[in-house]
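Sequence first, predicted model second:
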Amino acid sequence: MLSTAKTLKGYKLHGLDGEIGQVREFYFDDQHWTIRYLVAETGSWLAIRQVLISPYALVSIIPEEGSIAINLTKHQIEQSPDLDTNKPVSRQFENAYYGYYGWPLYWDGPYSWGPYPYPERAGEKQLEITPAEQGWDAHLRSTVAVTGHHIQALDGELGHVTDFILDDETWAIRYLIIDTHNWLPGKKVLVSPLWIENVSWLERKVFINLSRATIKRAPEYTETTLLTREYEAGLHHHYNRAAYWVNQLVAP
C-alpha cells in the first residue's frame, strides 16, 4: 500500500501492551531513499528522549483507525538504547539499537534492507553476501527537513518538495510530490527518487534528469488521486522509465 508521509503523521502507535504515542516524522537514508525510522511523539511517557521505531517493528497500517500496529512493548522501547534528542542519529547508536533488538543491519548487504529486499523477511534464509557488498555509509534525512527542497530539472527550476509517498511493504520512498505552482499554477506531479541525479543538501536542491517540458506533460497528482498500479504504469510510461516493481528484487 502507498501512503503519504503527511497522511501518516499523527497516526497512533499501538504496541503489544497499549498505545505508545503517535507518528511525528520519518528518517530515511539518502542512498536507497528508504525509511529507516519512524519518529514517535510519546507525550509525557518518554518526553525526555527521542523514540525511534524501525520498520522491522511495524506490523500493519490501519487507515480506518488512523493507527499503526507495532510488535514491541513499552518496556522494550524504554530499555532500548537512548538517543539524545538534540543529536543526529549516529552509526554507534544504530549498531547498539539493532543489536538490542536483534535485527539485521540494513547497511550490511546488497539490498535496501541489507541481506533482504523487505524488512519483514528478516526471519528467512540468509542470502549470500560478498565482502564488497557490505558496509555502505548511511546518511539519514528527515522528511520534515527535506520538505521544501527545490527541484531542478535539466533546463531550470520547476517547483519544490511538498510530501513523500511511502511503500509500506518495503518502506521505500516511491515518489516525491512536487508542487510546481511557481511555474505551472496549481499542478502537482510525482517524481521517483530513482530519477534523481544528485542532491545538494546544503543548497536544499534536488537535481533530476528530466526536462521541464516532460514534467509539464506528466499526469497530474491531487489528494484524490488513487495510486493504483494502472496510474503508476501510466506515470512510468510517460517518463519512459522502467517500473520499480519489475526489478524490486534486484540488488542496486
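Arrived safely.

which residues of the stretch 101-250 of the chain fall in helices?
143-146, 212-216, 229-239 (DSSP state H, counting those that start in this stretch).

Of these, give the one that comes closest to residue 81.
Residue 81 sits nearest to helix 143-146 of all the helices of the stretch 101-250 of the chain, at 22.5 Å, using C-beta to C-beta. C-beta coordinates here come from the backbone N, C-alpha and C atoms, glycine included.

Contacts for that closest one next, please.
For helix 143-146, the external contacting residues (C-beta atoms under 8 Å, 6 or more residues apart in numbering) are 5, 25-28, 161, 164.

Out of those, list just those in helices.
Residues from the contacts of helix 143-146 lying in helices, with DSSP state H as the criterion: residue 5.

and the contacts of helix 143-146 as JSON lines, adding neighbour count, distance to residue 88 and pLDDT?
Formatted as JSON lines, the contacts of helix 143-146 follow (neighbours: other C-beta atoms under 10 Å; distance: C-beta to C-beta, whole Å; pLDDT from 0 to 100):
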{"residue": "5", "neighbour count": "21", "distance to residue 88": "19", "pLDDT": "96"}
{"residue": "25", "neighbour count": "18", "distance to residue 88": "14", "pLDDT": "94"}
{"residue": "26", "neighbour count": "25", "distance to residue 88": "15", "pLDDT": "96"}
{"residue": "27", "neighbour count": "20", "distance to residue 88": "9", "pLDDT": "96"}
{"residue": "28", "neighbour count": "25", "distance to residue 88": "14", "pLDDT": "96"}
{"residue": "161", "neighbour count": "19", "distance to residue 88": "20", "pLDDT": "96"}
{"residue": "164", "neighbour count": "23", "distance to residue 88": "20", "pLDDT": "98"}
